[in-house]
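Let's see this in three dimensions:
(4 chains)
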Number of protein chains: 2
Amino acid sequence: MIVSHGKEGPVTEQSLATMADVAARAGVSSATVSRVINGNYPVSAATRQRVEQAIAELGYVANAHARALAGVTNRTVGIIINDLVDPFYAYIARGVEREATAHGRLCMVCCTKGSHEQELALIDLLHEQRADAVILVGGAYEDRSYAAQVARRARALHASGSTLVLCGRPSLGEDVPTRTVEYDNEGGAFAITDYLITQGHRRIVFLGGPPNLSTTIARLAGHRRALRFRDLPHDKGLIHTGQLSRRFGYERMKALLAERADFTAVFCANDTVAAGAMQALELAGVPVPEAISVVGYDDVPIAQELRPQLTTVRIPLEEMGRQAVRLGLDVGEDNDYLSPVQTVAVVGTNIVVRASVAPAR
Amino acid sequence: MIVSHGKEGPVTEQSLATMADVAARAGVSSATVSRVINGNYPVSAATRQRVEQAIAELGYVANAHARALAGVTNRTVGIIINDLVDPFYAYIARGVEREATAHGRLCMVCCTKGSHEQELALIDLLHEQRADAVILVGGAYEDRSYAAQVARRARALHASGSTLVLCGRPSLGEDVPTRTVEYDNEGGAFAITDYLITQGHRRIVFLGGPPNLSTTIARLAGHRRALRFRDLPHDKGLIHTGQLSRRFGYERMKALLAERADFTAVFCANDTVAAGAMQALELAGVPVPEAISVVGYDDVPIAQELRPQLTTVRIPLEEMGRQAVRLGLDVGEDNDYLSPVQTVAVVGTNIVVRASVAPAR
DNA sequence: CTTCTGATAGTAAGCGCATTCTATACATCG
DNA sequence: CGATGTATAGAATGCGCTTACTATCAGAAG
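Numbers count the residues shown, from 1 in each chain, chains lettered A, B, ... in the order given. Just a heads-up that it's a prediction; the model follows:
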């Protein structure tokens, strides 16, 4: 004979207790439970006590979805980056995660592996999740229709009370509701090129970076301005854009060495490229910086691991991530007085002089 | 005179279109819209067409919370790590993110900065989000009450249909409903210590790692077993546990050098510690590996940047992350036939021989 | 011509919570 | 002692979606 026990006994509970369960156990209404949890309404000490005990006994865990649906924001921010392992993105992501946590938000991290479609799809996904802010990190490729797609999503996000924050990529225009965190690519490139020039270098190779990536374009522009500033010729043969990978730095430098190209310094589009270039130089027995000086950009940890240590341009990556969250959440420090909403933050860059540059021969 | 325009005109829409709006515009019921979106019920071509157009015109974006509340899982996995920037965690996180994406899940990444309370709080938060799986990464400290707290959360998660996956940390016991991804800490440590011994080293320093961290304990155990295996004495004075930081490696090695300690090789608890130790050796003018051999653990990228390149134990970190997701989502390959649910995955480790070890003097 | 069947579409009932409005029990005061 | 106020608790509604259940209509079958 099979006896139905109903709800008695320690059955393996398949689903978790709800607020109603807690209410029943505490002998109150679910409204009271809600009030105890949120503490935004007076509840007598005795009642609170009973409710809290019921919560503990039942192991009650609130349902964030129900809460979000009932009107309270879900308290998450989303961040879209290229690759979690790349220190450039990792540091920004860390800043985002920390600042988000500081504001009681959870952080959803998504990676695109460089795919545009994936990026757009992820914005939509984060929108569906009703993230308080969506942070898009990294340089963008020049592409009209793609920019339009992003703009459309920025508006959709805006319409539902969220914000798209562009971090390290150019704004989409005045009429698109986004916030932007910028760092001075052009200025940093100018400064470090000028540094090389004042060390006597005249023939400087520019190495790496996709030619249609906004980041490359800005760094190259700063580089050229410095050359112009010092009245140096602008030799197109010295510009070797390509990729931002270590492999590219290695291969191209190897090729340059093989063809006995004429240069005394290399400005790498980022530190990773510099690492590859220095490896090629090391293998070829070319001493750095005695024969060739090398500089990078970003100041990620590898810059300090290289021998000689790399002179490079420092970007406050983690701070960029934090700023992005502040902008997206509208919680900038100077938000107290009724200033117009801050929509752009610019973080500064500066040269870090280490050991990879020497005066030109 | 103020005229109320009601809903006419292109007002800045404060909230996004809902399914009902789409339904109204397409002249159908919201149920039909749902069916078009989910494609799990027959809808005539003409109707589908109209609905899709309405969706496009309104820029409709589904509300993931409402969907989740209505019974469908929210399709997210959560991962809790120590620090996003640390390559050890970053690689695992990448594996998790990629595998999650491959299964149509969004990935929520949270960092603890090593805090237990934060870790527990994050499990709860992820539970509230109704994540399909929660992945806890990294070694755990021996702590009875803490383990009990985690166990309680594992049960709660289980009760609501989710899964806690322990990644690189010991199981909580048979009766706690968790899944585990392990890698062979003890075996790797044994292997690399034995490698040092076969190179003639007798006095090997063990450097770094919190003494009560499960990872340290296992690596130290493997180290000791190798010594026993080769009948070498076990000198407690050579064990220098501490932290897993570069700074610790540097400082302690500096101290050992200053007190002229007697050893010919160093087994660092991880590659980061090794980097610090090698820096101290470099500064002291002690040639590696000629005078002192150094090995690490993890095989993160820094191992290849060091000069000489570091001999170390490779862990397939990204694969661990992927396995964790498969375990958590119950989608292992061999899930086709009715095998018992897989609860433990073990990934292998292997020695990577590079240039930081030479035969003992 | 009636009955049955299959393909579509609509109706409505929640999912679990926050919150507005309402109700009760006292304490306070004129 | 009745009128008013105050603290506390409950009832009920709705957030936007999924999904049983129900309804309709055409054509096939009898």
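
Would you quantify the distance from A:Val294 to A:Gln199?
Computed as C-beta to C-beta, to the nearest Å, the A:Val294 to A:Gln199 distance reads 12 Å. Placement of C-beta: from N, CA and C, glycine included.

what sits in contact with each of the two?
Common neighbours of A:Val294 and A:Gln199 are listed as A:Ala265, A:Val357 (criterion: C-beta atoms under 8 Å, 6 or more residues apart in numbering or on different chains).

which residue ranges form the strands in the stretch 201-350 of chain A?
A:204-207, A:239-240, A:265-268, A:293-295, A:312-314, A:344-347, A:350-352 (DSSP state E, counting those that start in this stretch).

of all these, which lies closest to DNA strand D?
With C-beta to the nearest atom of the strand as the measure, strand A:344-347 is the member of the strands of the stretch 201-350 of chain A nearest DNA strand D (30.8 Å).

Please name the strands paired to that closest one in the sheet, noting orientation.
strand A:178-183 (parallel) (DSSP bridges).

Give the rounded mean pLDDT of the strand it pairs with.
The average pLDDT within strand A:178-183 is 93.

Kindly report the same for stretch A:26-41.
93.

first to last residue in it, what's the distance?
18 Å (C-alpha to C-alpha, to the nearest Å).

ok, residues contacting stretch A:19-28?
By C-beta under 8 Å, 6+ apart, stretch A:19-28 touches A:29-30, A:32-34, A:47, A:50-51, A:53-55, A:57-58, A:60, A:62.

what bits of chain A have low per-residue confidence?
A:1-15, A:332-341 (pLDDT under 70).

so where do the helices sit in it?
A:19-26, A:30-38, A:45-58, A:64-69, A:87-102, A:116-128, A:144-159, A:185-198, A:214-229, A:246-258, A:271-283, A:302-305, A:317-329 (DSSP state H).

export the ones you listed to TSV and tack on mean neighbour count and distance to B:Glu99?
Output for these, formatted as TSV (neighbours: other C-beta atoms under 10 Å in any protein chain shown; distance: least, C-beta to C-beta, whole Å):
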stretch	mean neighbour count	distance to B:Glu99
helix A:19-26	19	34
helix A:30-38	18	34
helix A:45-58	15	33
helix A:64-69	20	23
helix A:87-102	24	18
helix A:116-128	19	15
helix A:144-159	17	26
helix A:185-198	21	34
helix A:214-229	20	29
helix A:246-258	19	25
helix A:271-283	24	25
helix A:302-305	20	27
helix A:317-329	25	24
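
of all those, which lies closest to B:Ala265?
Among those, the nearest to B:Ala265 by C-beta to C-beta is helix A:302-305 (22.1 Å).

can the closest one be found next to chain B?
Yes: using C-beta under 8 Å from any C-beta of the partner chain, helix A:302-305 reaches chain B at A:Ile302, A:Glu305.

Show the contacting residues for the nearest residue to A:Asp299 once chain neighbours are set aside.
What sits nearest to A:Asp299 in space, not counting adjacent residues and going by C-beta to C-beta, 6 or more residues apart in numbering or on different chains, is A:Arg314, at 3.9 Å. By C-beta under 8 Å, 6+ apart, A:Arg314 lies in contact with A:Asp298, A:Asp299, A:Thr349, A:Asn350, A:Ile351, A:Val352.

follow-up on the earlier one: now the strands of the stretch 201-350 of chain A as JSON lines including distance to DNA strand D?
Shown next, in JSON lines, are these (distance: least, C-beta to the nearest atom of the strand, whole Å):
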{"stretch": "strand A:204-207", "distance to DNA strand D": "49"}
{"stretch": "strand A:239-240", "distance to DNA strand D": "50"}
{"stretch": "strand A:265-268", "distance to DNA strand D": "48"}
{"stretch": "strand A:293-295", "distance to DNA strand D": "52"}
{"stretch": "strand A:312-314", "distance to DNA strand D": "45"}
{"stretch": "strand A:344-347", "distance to DNA strand D": "31"}
{"stretch": "strand A:350-352", "distance to DNA strand D": "47"}
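
Ok, which of those comes nearest A:Thr216?
strand A:204-207 (9.2 Å).

So which other helices or strands are in contact with that closest one?
The contact analysis (3 or more C-beta pairs under 8 Å, 6 or more residues apart in numbering or on different chains; DSSP states H and E) places strand A:204-207 against helix A:185-198, helix A:214-229, strand A:239-240, helix A:246-258, strand A:265-268.

So for B:Ala277, which of those sits nearest?
Per C-beta to C-beta, nearest to B:Ala277 of these: helix A:246-258, 24.8 Å.

That closest one vs helix A:271-283, what angle?
Angle of helix A:246-258 versus helix A:271-283, following axes from the mean of the first three to the mean of the last three C-alpha atoms, to 10 degrees, is 40 degrees.

ok, is helix A:246-258 in contact with chain B or not?
No: remark: helix A:246-258 sits outside contact range of chain B, by C-beta under 8 Å from any C-beta, the gap being at least 9.7 Å.

Provide a list of residues in contact with A:Pro316.
A:Tyr183, A:Val347, A:Gly348, A:Thr349.

now do A:Leu281
A:Met253, A:Leu257, A:Pro287, A:Val288, A:Ala291, A:Ile292, A:Val294.

Can I get the contacts of A:Arg314 in CSV including distance to A:Val43 and neighbour count?
Formatted as CSV, those follow (distance: C-beta to C-beta, whole Å; neighbours: other C-beta atoms under 10 Å in any protein chain shown):
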residue, distance to A:Val43, neighbour count
A:Asp298, 53, 28
A:Asp299, 53, 27
A:Thr349, 53, 22
A:Asn350, 54, 15
A:Ile351, 59, 16
A:Val352, 56, 17
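
how about the residues of chain A that lie near DNA strand D?
With C-beta under 7 Å from any atom of the strand as the criterion, chain A meets DNA strand D at residues A:27-32, A:42-44, A:46-47, A:66, A:69-71.

Closest to B:Asn82 out of those residues?
A:Ala66 (31.2 Å).

need the contact list for the residue of the stretch 251-361 of chain A found nearest DNA strand C.
The nearest approach of the stretch 251-361 of chain A to DNA strand C comes at A:Leu329, 18.3 Å away (C-beta to the nearest atom of the strand). Neighbouring residues of A:Leu329 by C-beta under 8 Å, 6+ apart: A:Val77, A:His103, A:Arg105, A:Asp132, A:Ala133, A:Thr163.

residues near the last one, how many?
This points to A:Thr163. When counting by other C-beta atoms under 10 Å in any protein chain shown, one arrives at 23 neighbours for A:Thr163.

what are the bridge partners for it, then?
Applying DSSP bridges, one finds that A:Thr163 bridges with A:Ala133.

Confirm for me that it is in contact with A:Ala133.
Yes: if you go by C-beta atoms under 8 Å, A:Thr163 and A:Ala133 touch, sitting 4.8 Å apart.

separation between A:Gly138 and A:Phe88?
8 Å.

Spell out which parts of the stretch 1-150 of chain A neighbour DNA strand C.
So far as C-beta under 7 Å from any atom of the strand goes, the stretch 1-150 of chain A lies against DNA strand C at A:15, A:18-20, A:30-31, A:34-35, A:37-38, A:40-41, A:60, A:62-63, A:66-67, A:69-72.

surely A:Cys111 meets A:Ile79?
No: with contact defined as C-beta under 8 Å, A:Cys111 does not count as touching A:Ile79 (9.7 Å).

between these two, which one's more packed in?
Neighbour count, other C-beta under 10 Å: between A:Cys111 and A:Ile79, A:Ile79 has more, with 31 against 25.

Specify the beta-bridge partners of the more buried one.
A:Val109, A:Ile135.

which residues touch it?
A:92-93, A:96-97, A:107-110, A:134-135, A:137, A:321, A:324.

rerun that using 6 Å as the cut-off
A:Ala93, A:Val96, A:Val109, A:Ile135 (C-beta atoms under 6 Å, 6 or more residues apart in numbering or on different chains).

One more: A:Asp132?
A:Thr73, A:Val77.

try it again with 10 Å
Listed by C-beta atoms under 10 Å, 6 or more residues apart in numbering or on different chains, the contact set of A:Asp132 reads A:73-78, A:100, A:103, A:105-106, A:161-163, A:325, A:328-330.
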